[in-house]
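Undergrad: structure of the sequence below:
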Amino acid sequence: MPEPACSPSPSREGLRFLAARRAALVRLACWSVLEAGHTFALGYALAHALDRGFLAGRPATGLGWLGLAALAVLAGAYGTGRTYRAVADLVEPLRDGLVRRVVARALRDGDGAAVSRLTHQVEIARDTFAGLVMVSRSFVFTAAGALAGLCALAPVLLLAVVPPLLLGLALFLVTLRALARRQEAFLVADEDIARSLDEVARGLRDITAGGAEQRVAADTGALVDAEFRAARALARWSVVRVVALALAGRLPVVLLLVLAPWLLDRGVTPGALVGALAYVTQSLLPAVQDLVHGLGASGARLAVVIRRLTAGGPAERAPSVNSASTDAGSPAAALAFRGVTFAYGPHAAPVVRRLGLVVPAGARLAVVGPSGIGKSTLAGLAAGLLEPLSGEVTVGGAPARSAAARAARVLIPQEAYVFPGTLGENLGYLRPGPVPEEEMREAAAAVGMDGLAERLGGFGAPVTPGELSAGERQLIALTRAYLSPAPVALLDEATCHLDPAAEARAEDAFARRPGGTLVVIAHRAASALRADRVLVMDGPHTVCGDHAGLLRASPLYRDLMAEAGPSDPAGALGDSYGVHAVARAGLAGDRGHVVADGPVREVQPTGDLSDGGAFGGEGEHGEFTAGEGDLGRLQKAETE
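TA: Here you go, the predicted structure:
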């Protein structure tokens, strides 16, 4: 399902989240008022214990006021306990919402980082949000209680406390956004270093063997320098935070002491002055410290995590300058591999090595090869589920792991996913809005699911996944993908549980979609016979071409076709594709061509590609020649 073009900012989503939970906020405020009662009682009771009790020679009265302060502390402790339950009413729905987003993205996009997000980042967001709610709430009600107490003792005391408090808070809030950005930059730089050091530590032997010490040292040094610059910038802004804290929390103490004679001359009692000092040192200063440190550090951390959890997908690399370019004069590339190498581990042999491949829009590519050769790995790279060690994979010109690429492709795996609900809900899952029933009926007829839909009772009928066969689940998944707006369809043995006739019908339906591009990880040889081009994965001998050319050039392809035998339905006499088990050149319906370079040799029989040769000319032996590292720059091997 395509991502919306413009997603709401985390701040707006946060405001909507809080607005939807006004009842929880009201409960939290009520218990916070009770908790803040002991803040008011602390300075007020201390002032009266001195003025009316101990300084007046009435110790019993003084002890009575102190006893009232103790009771207020007990009531505040009870209120604090109740606030945790109210905070949970805010925090747990946030956690549940983030979990739903992560799971939905994992099901929709095959997000490989979903486990990390569920087990680590969601918990970070939950705990940090809870801490920020407690800190912010505590500051607001503590400050209100302390200022109310100062006003009750002597309003003139506010002149020594309120101006520096407001000045310090204003300075902190003005610099909060810049401080958060520096904090995020430092966290990102630290993550980059940790990731790099992990890779270097595991590949020390290879680095030494390849003589790459200086290059690795330079790359690592650049990351260290970047973290140093981020740390230095963060330290500079942290100085501002210290200044703000000094203004808001410590300057009022100095002013109360300096202005003490002036305050006493204006009717402020000694007890009131001591009570004011207690308000500032025991209530306001700790509350300001918690607020500054909480918002300055934990707030930035929460912003980073929330952005990563609510973004359209995993962190995306900026596309390279030429990532959307295609060969001059060639059709637009629906799918492209440019020098792609992939291995399952730093010391494992590459499954895909320096692969260069362009699949034009509207083309039909079949990928064949023995089991375990890397066909599904290729599909995973195209789907953005796997990240290449080197090179670039693009879908519609966008990096394979970007939101634009996710909107342009749909992957149908071998194990089809069907969820409990109606048949229509299953079929329309990848569409942003409701799908008209007529459109679903046409899609079902095209793919070959119309009989199943009728047997189940129509598109409004409930579906129980456990009661469906593997082939029926595949038909539902195929129709769902057919209805999706994505122009590139990747079938990773998605028809293996269907009979040959049903498989051919489904593949043809995808190939006939307007502007549609089909890549089939072939389960049967017939898929290769139906394709415009075939990619034969054979390790270092990987080749790409049409059926006739591959029969001459690829021993593996000949073996695969021989294993299919003359009984293969697509190779029988009278086949609608005009292809017999006996190889011959000149496949009909040559609509687009798959161009490969590098280790993948493009095989082309003489006389084929008579439609203009958009991707280059023929060499002496009917082969395209291509540069090792420049996909799409095909040079004509001219012979006179």
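
Undergrad: and the strands in the stretch 1-150 of the chain, which stretches?
TA: In the stretch 1-150 of the chain, no strands are defined using DSSP state E, counting those that start in this stretch.

Undergrad: all helices of it, in order?
TA: Secondary structure of the stretch 1-150 of the chain by DSSP state H, counting those that start in this stretch: the helices cover 10-19, 22-48, 59-109, 114-116, 122-153.

Undergrad: to residue 420, which of those lies closest?
TA: helix 59-109 (13.6 Å; CB to CB). Heads up, the C-betas are built off the backbone N, CA and C, glycines and all.

Undergrad: which helices and strands does the closest one pack with?
TA: Here helix 59-109 touches helix 10-19, helix 22-48, helix 114-116, helix 122-153, helix 299-310, going by 3 or more CB pairs under 8 Å, 6 or more residues apart in numbering; DSSP states H and E.

Undergrad: now do 10 Å
TA: helix 10-19, helix 22-48, helix 114-116, helix 122-153, helix 299-310, helix 403-408 (3 or more CB pairs under 10 Å, 6 or more residues apart in numbering; DSSP states H and E).

Undergrad: which residues touch the closest residue in space to residue 463 that isn't next to it in sequence?
TA: With sequence-adjacent residues excluded and distances taken as CB to CB, 6 or more residues apart in numbering, residue 463 is closest to residue 423, at 5.2 Å. For residue 423, the contact set (CB atoms under 10 Å, 6 or more residues apart in numbering) comprises 440, 444, 449, 452-453, 456-463, 476, 479.

Undergrad: of those - the most surrounded one?
TA: residue 449 (29 neighbours; other CB atoms under 10 Å).

Undergrad: returning to what we had before: okay, the helices and strands packed on helix 59-109, which one's buried deepest?
TA: Across the helices and strands packed on helix 59-109, averaging neighbours per residue (mean count of other CB atoms under 10 Å) puts helix 403-408 on top, at a mean of 22.

Undergrad: need the next SSE after that helix, C-terminal direction.
TA: strand 409-412 (DSSP states H and E).

Undergrad: partner strands of that next one, parallel or antiparallel?
TA: Taking DSSP bridges as the criterion, strand 409-412 sits next to strand 488-492 (parallel) in its sheet.

Undergrad: just to revisit the earlier point, could the helices and strands packed on helix 59-109 go into TSV alongside distance to residue 66?
TA: TSV is the format used below for the helices and strands packed on helix 59-109 (distance: least, CB to CB, whole Å):
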stretch	distance to residue 66
helix 10-19	39
helix 22-48	6
helix 114-116	53
helix 122-153	15
helix 299-310	38
helix 403-408	63
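
Undergrad: out of these, the one nearest residue 74 is which?
TA: helix 22-48 (8.2 Å).

Undergrad: same for the closest one, what does it pack against?
TA: So helix 22-48, by 3+ CB pairs under 10 Å, 6+ apart, packs with helix 10-19, helix 59-109, helix 122-153, helix 270-278.

Undergrad: go with 6 Å
TA: Using 3 or more CB pairs under 6 Å, 6 or more residues apart in numbering; DSSP states H and E as the contact criterion, the neighbours of helix 22-48 among helices and strands are helix 59-109, helix 122-153, helix 270-278.

Undergrad: apart from its neighbours in sequence, what residue is nearest residue 503?
TA: residue 495 (4.1 Å).

Undergrad: quick check: the one you found is in a strand.
TA: No: Residue 495: not assigned to a strand; according to DSSP: H, G, I helix; E, B strand; the rest coil it is coil.

Undergrad: that one: neighbour count?
TA: Neighbours around residue 495, by other CB under 10 Å: 28.

Undergrad: gap between it and residue 353?
TA: The spacing between residue 495 and residue 353, counted by CB to CB, to the nearest Å, is 29 Å.

Undergrad: and what of residue 552?
TA: Residue 552 is 24 Å from residue 353, by CB to CB.

Undergrad: of these two, who's got more company?
TA: Using other CB under 10 Å as the criterion, residue 552 and residue 353 rank with residue 353 on top: 21 against 14.

Undergrad: follow-up on the earlier one: how close does the residue nearest to residue 463 get to residue 337?
TA: Residue 423 is 36 Å from residue 337, by CB to CB.

Undergrad: thinking again about what came up before, compare the helices and strands packed on helix 59-109 and say which comes out lowest on pLDDT.
TA: Ranked by mean pLDDT, the helices and strands packed on helix 59-109 end with helix 114-116 in last place, scoring a mean of 47.

Undergrad: what sits against residue 483?
TA: Shown in contact with residue 483 (CB atoms under 6 Å, 6 or more residues apart in numbering): 427, 435, 443.

Undergrad: check which helix or strand the residue nearest to it when sequence neighbours are not counted maps to.
TA: Closest residue in space to residue 483, ignoring its immediate chain neighbours: residue 443 at 5.1 Å, by CB to CB, 6+ apart. Using DSSP H and E, residue 443 maps to helix 437-447.

Undergrad: average pLDDT across that helix?
TA: Helix 437-447 comes out at a mean pLDDT of 92.

Undergrad: now for the helix or strand following that helix, which elements pack on it?
TA: Note on helix 437-447: by DSSP H and E, the next helix or strand toward the C-terminus is helix 450-456. Packed against helix 450-456 by the contact rule (3+ CB pairs under 6 Å, 6+ apart) you find no helix or strand.

Undergrad: can we see that at 8 Å?
TA: Partner elements for helix 450-456 (3+ CB pairs under 8 Å, 6+ apart): helix 437-447, helix 470-483.

Undergrad: got a list of contacts for it?
TA: 423, 441, 444, 459, 463, 472, 475, 476 (CB atoms under 8 Å, 6 or more residues apart in numbering).

Undergrad: residue 162: what secondary structure?
TA: Quick answer, by three-state DSSP: residue 162 is helix.

Undergrad: swap that for residue 362, please
TA: Taking three-state DSSP, the label given to residue 362 is coil.

Undergrad: what's the answer for residue 354, then?
TA: strand.

Undergrad: tell me if I'm right that it and residue 388 touch.
TA: No: assessed by CB atoms under 8 Å, residue 354 is found out of contact with residue 388, at 10.3 Å.

Undergrad: what mean pLDDT does stretch 523-542 have?
TA: 85.

Undergrad: now it - C-alpha only, PDB.
TA: Output in PDB follows, covering the C-alpha atoms of stretch 523-542 (Å, rounded to 0.1, in the frame of the first residue of the first chain):
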ATOM      1  CA  HIS A 523       9.100 -23.300 -10.000                       C
ATOM      2  CA  ARG A 524       8.600 -25.000 -13.300                       C
ATOM      3  CA  ALA A 525      10.400 -24.800 -16.600                       C
ATOM      4  CA  ALA A 526       7.200 -23.500 -18.300                       C
ATOM      5  CA  SER A 527       7.700 -20.100 -16.500                       C
ATOM      6  CA  ALA A 528      11.000 -19.700 -18.400                       C
ATOM      7  CA  LEU A 529       9.400 -20.600 -21.700                       C
ATOM      8  CA  ARG A 530       6.700 -18.000 -21.200                       C
ATOM      9  CA  ALA A 531       9.200 -15.200 -20.300                       C
ATOM     10  CA  ASP A 532      10.700 -12.500 -22.500                       C
ATOM     11  CA  ARG A 533      14.100 -13.100 -20.900                       C
ATOM     12  CA  VAL A 534      15.400 -15.700 -18.500                       C
ATOM     13  CA  LEU A 535      18.100 -15.200 -15.900                       C
ATOM     14  CA  VAL A 536      20.000 -18.500 -15.300                       C
ATOM     15  CA  MET A 537      21.700 -18.300 -11.900                       C
ATOM     16  CA  ASP A 538      24.700 -20.400 -11.900                       C
ATOM     17  CA  GLY A 539      27.200 -18.700  -9.600                       C
ATOM     18  CA  PRO A 540      30.100 -17.300 -11.700                       C
ATOM     19  CA  HIS A 541      28.500 -18.600 -14.900                       C
ATOM     20  CA  THR A 542      25.200 -16.700 -14.500                       C
END
